[in-house]
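Engineer: any chance you can model this:
(chains A and B)
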There are 2 protein chains.
Amino acid sequence: MLDPSFTASLAALLPASSLLTATEDTRPYECDGLTLYRELPAAVVLPETEDQVVRILQLCHAARVPVVARGAGTSLSGGSLPVAGGVVLSLAKFRRIVAIDPLTRTAVVEPGVRNLAISDAASAYGLFYAPDPSSQIACSIGGNVAENAGGVHCLKYGLTVHNVRKVRAVLVTGEIVEFGADALDAPGYDLLALVTGSEGLLAVITRITVKLLPKPQLAQVALAAFNDVEKAGAAVGAIIGAGIIPGGLEMMDQPATRAVEQFVHADYPLDAAAVLLVEADGTPEEVAAEMDEIRAVLTASGATEIRVSENEDQRLLYWSGRKAAFPAVGRISPDYYCIDGTIPRGALPRVLAQIETWSHQYGLPCANVFHAGDGNLHPLILFDANKPGDKERTVEFGDRILELCIEVGGTVTGEHGVGIEKIRGMCVQFPPAALERFLGIKRAFDERGLLNPGKGVPTLARCAEFGAMHVHAGALPHPELPRF
Amino acid sequence: MLDPSFTASLAALLPASSLLTATEDTRPYECDGLTLYRELPAAVVLPETEDQVVRILQLCHAARVPVVARGAGTSLSGGSLPVAGGVVLSLAKFRRIVAIDPLTRTAVVEPGVRNLAISDAASAYGLFYAPDPSSQIACSIGGNVAENAGGVHCLKYGLTVHNVRKVRAVLVTGEIVEFGADALDAPGYDLLALVTGSEGLLAVITRITVKLLPKPQLAQVALAAFNDVEKAGAAVGAIIGAGIIPGGLEMMDQPATRAVEQFVHADYPLDAAAVLLVEADGTPEEVAAEMDEIRAVLTASGATEIRVSENEDQRLLYWSGRKAAFPAVGRISPDYYCIDGTIPRGALPRVLAQIETWSHQYGLPCANVFHAGDGNLHPLILFDANKPGDKERTVEFGDRILELCIEVGGTVTGEHGVGIEKIRGMCVQFPPAALERFLGIKRAFDERGLLNPGKGVPTLARCAEFGAMHVHAGALPHPELPRF
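Structural biologist: Residues are numbered from 1 along each chain as shown, chains lettered A, B, ... in the order given. Prediction:
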């Protein structure tokens, strides 16, 4: 419960429609894309101006009320899960595209602008914004920056952090700071990179300058079938090893392609153990040359069939399967749990083989759909929450996959962020010396720990509580946090 | 003076040849490439193993002795200037190339390895390390990471921060931390980006994993002459605005080309007010297509002459002039002062015109040689230190250029770092709220302030002392620090 005088101060600051306190109004904010966790906030504020953001934060700071910033609420790691008794600060009304400059190839946007809306607006200049999370129709650029979002195009064009030039944000004390510069480099510590991916723990973003890229003249996708998952994994490494950086390099195994085929009929070969989608983009000459190389590497890697899209319709058809993979799997299983881990590309064959072995051991089907070029895995474990023991085995299976990710030199999250979901994994991923630096950085920005508390970085005490400490490729702590 | 028991502890740890305390031995370490500032360290240590680094730092931390890490000592901003009474920790003996992996396209190297030695070693695999500071024959990769070094190729291939995958370092307390991951992304705050460019203030680097790129099959350079400096500046913006990202995009004005011609005979047109060098690299087809576009933009921008290198010898000849520009200017003037600032590309014509005006006003010739594509200026102010008043006017002229850089949205340093040289500029560049965050980050890593103290980030008290505070495009403080 908020102190009535605090609520009155908020009410004095905002129009009635921008301050929600009744349960029926705050209910839609109780969770984000990670629906496993829910918490009702004490209030939701929807400021329209940066000055309102400043004042809200000053009020919260003075009253020591926790604040969770929220964009479109599509986080898959609970990044915008409210804190009990705290305030949710929605940036939904910050949806202006302030400027698009084709000369500097940048767009200045407010954090509530949808990812795809930037490319739509830039399209008139032949430009686009490269990072493209699967949720790009819905997710907002502020959330993308907060989570350092990835996507199919990030292999070639970089993650969000590589495509942001400047961020303007409000500190919890109400001071406005600009991170980055219009110039290529900025002096001092790289606060722009620091705030990107900081999951709302350091500041509240109010304006972002993103880089735009020229739209490629042509894109073509090769669909390659393999009779063996490990061979497909090895082909991914071979493509990159050959010096090719495709516009997209995605992989699906048979459980995934079969689910997809039933759903969207993307013309995938159903007898293949795994399918790779490899996109080339650029000028027609570049695409032709690169596609020749891709074809050669795929053939040498043992592809049993290679089809190259002959027109834009066919290209979009091939991609439609990949894009519909998650809902397609949702159709064939009562429940599924999407794991997000990243591994060095060279470890793909080993990790994929191990996941298949575990899938049989646990008796839980697993559909693999992922950004293969980045080494970013999304195993979808299929289960039935109503079947006794299924949930527990799913959690254990998922934890073993993440432990394996760390063991082979990877990380417990690829692009979904730590949020609340991977907080235990951070204890295993990082030694206390690194966690202490994280906590020190947090203190430098938010000494009272009011911004998105409990997310992103665990305290050492919490790691001890979880029974988890960095043990170099050690086991994840037992799930004492309820995951389902 | 160091406490004798402290020195004895160092002596117990290191062979005699790795601990220098006699003035004749420490003298070579009294400055780096910024020879204006000199300071004798109390001791120089040259460890050979990471364990020795750990123990040296633990000793210094316990005894509260300042430590300045040093690579090849080529810093142009005094980044490795010793602290009186402190220790210089040289990484000169860390010169192993640990591994080169063509499949993941990475090299694992020790910090003392020279920049160019990495490309030489990677060459056997058809790979190279992209960031190429002018000092790349001499400078070390550890220093490159500490300064986030740039270079001609950084326009297309990114700064050091974009080409480093993992950094292993020792904290001042002796703990070893790895920043980054073998995977594309790492959870938690982006400590890899934070430590890159941190100028030795946060940790001592002992191992670096860099990304390697495939060597382009072909490179060609266009040399374009302009009868007007502003037109040449506008052409730079037009090239980038047309969607071309050249492998290199450099500019020299007439004072620079004339100095160069007398020195290396690079076949530059001497009647031109400015010369652009625009490189295209890739497959022969890509280069041909890009060179057509470059030629069209240069023509439309008013180039009076365009020559394209017809073979590798000619390409290297054209570049030889750019590479020899600094020594060439050194030949024609008793002294010169190299300014390093960065501006948005669109501001090039305005800033260049203003520099020319000031050059006349101050009666000081100025040769402009710079990474035009990045907007990274290197005006070389020519003066004679023995002529009364010349130094003072040079400093004032330089300060006005940097003030203008900030005013147009740029920064007080492009690629040379803050070090000791730009510490006053940081007070103007950043508001107290940002400087406080910098200082908080420093505390999170080095609470006692022992690593490279006095560099990189000024305290607020020091800014007040300089009479300088962030005033949004305000004037730089009067030079109370002796600059010459």
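
Engineer: now the strands: where do they sit in the stretch 51-200 of chain A?
Structural biologist: The residue ranges that make up the strands of the stretch 51-200 of chain A, judged by DSSP state E, counting those that start in this stretch, are A:67-70, A:87-90, A:97-101, A:106-109, A:127-128, A:164-170, A:176-180.

Engineer: and the angle for the last one with strand A:164-170?
Structural biologist: Direction vectors for strand A:176-180 and strand A:164-170, defined by axes from the mean of the first three to the mean of the last three C-alpha atoms, to 10 degrees, enclose an angle of 170 degrees.

Engineer: do strand A:176-180 and chain B meet?
Structural biologist: Yes - among the residues of strand A:176-180, A:176, A:177, A:178 lie within reach of chain B under C-beta under 8 Å from any C-beta of the partner chain. No exception for glycine: its C-beta is placed from N, CA and C like everyone else's.

Engineer: closest to chain B among the residues you listed?
Structural biologist: residue A:177 (5.1 Å; C-beta to the nearest C-beta).

Engineer: which residues sit in contact with that closest one?
Structural biologist: Contacts were defined as C-beta atoms under 8 Å, 6 or more residues apart in numbering or on different chains; by that measure residue A:177 touches A:168, A:169, A:170, A:171, A:191, A:203, B:431, B:433, B:434, B:437.

Engineer: now rank the residues you listed by neighbours and give me the top one.
Structural biologist: Using other C-beta atoms under 10 Å in any protein chain shown as the neighbour criterion, residue A:203 leads the contacts of residue A:177 with 28 neighbours.

Engineer: quick one: contacts for the nearest residue to it once chain neighbours are set aside?
Structural biologist: Taking C-beta to C-beta, 6 or more residues apart in numbering or on different chains as the measure, residue A:203 lies nearest to residue A:169, with 3.7 Å between them; neighbours along the chain are not counted. Applying C-beta under 8 Å, 6+ apart, one finds that residue A:169 lies in contact with A:176, A:177, A:178, A:179, A:195, A:202, A:203, A:204, A:205, A:206.

Engineer: just checking, what packs against the helix or strand that contains the last one?
Structural biologist: Okay, so that is residue A:206. Counting by DSSP states H and E, the element that carries residue A:206 is strand A:204-211. Packed against strand A:204-211, as judged by 3 or more C-beta pairs under 8 Å, 6 or more residues apart in numbering or on different chains; DSSP states H and E, are the following elements: helix A:50-63, strand A:67-70, strand A:106-109, helix A:141-147, strand A:164-170.

Engineer: per-domain residue ranges of chain A.
Structural biologist: Per the record's domain assignment (automatic domain parsing), chain A is made up of the domains A:4-90, A:97-214, A:218-327, A:333-431.

Engineer: distance between the ends of the last one?
Structural biologist: Spelled out, it's domain A:333-431. 38 Å (C-alpha to C-alpha, to the nearest Å).

Engineer: report the distance from that domain to the chain centre.
Structural biologist: Between the centre of domain A:333-431 and the centre of its host chain there is 15 Å, according to C-alpha atoms, centre = their mean, to the nearest Å.

Engineer: now do it, average pLDDT.
Structural biologist: Computed over domain A:333-431, the mean pLDDT rounds to 90.

Engineer: repeat that for the third one.
Structural biologist: Regarding domain A:218-327, the rounded mean pLDDT is 93.

Engineer: one more: the shortest one?
Structural biologist: The average pLDDT within domain A:4-90 is 95.

Engineer: now do the contacts for the closest residue in space to residue A:193 that isn't next to it in sequence.
Structural biologist: Nearest in space to residue A:193, with sequence neighbours left out and distances taken as C-beta to C-beta, 6+ apart, is residue B:193 at 3.2 Å. Applying C-beta under 8 Å, 6+ apart to residue B:193 gives the contacts A:161, A:190, A:193, A:194, B:161.

Engineer: ok, the first one to residue A:198 distance?
Structural biologist: Separation of residue A:161 from residue A:198 (C-beta to C-beta, to the nearest Å): 11 Å.
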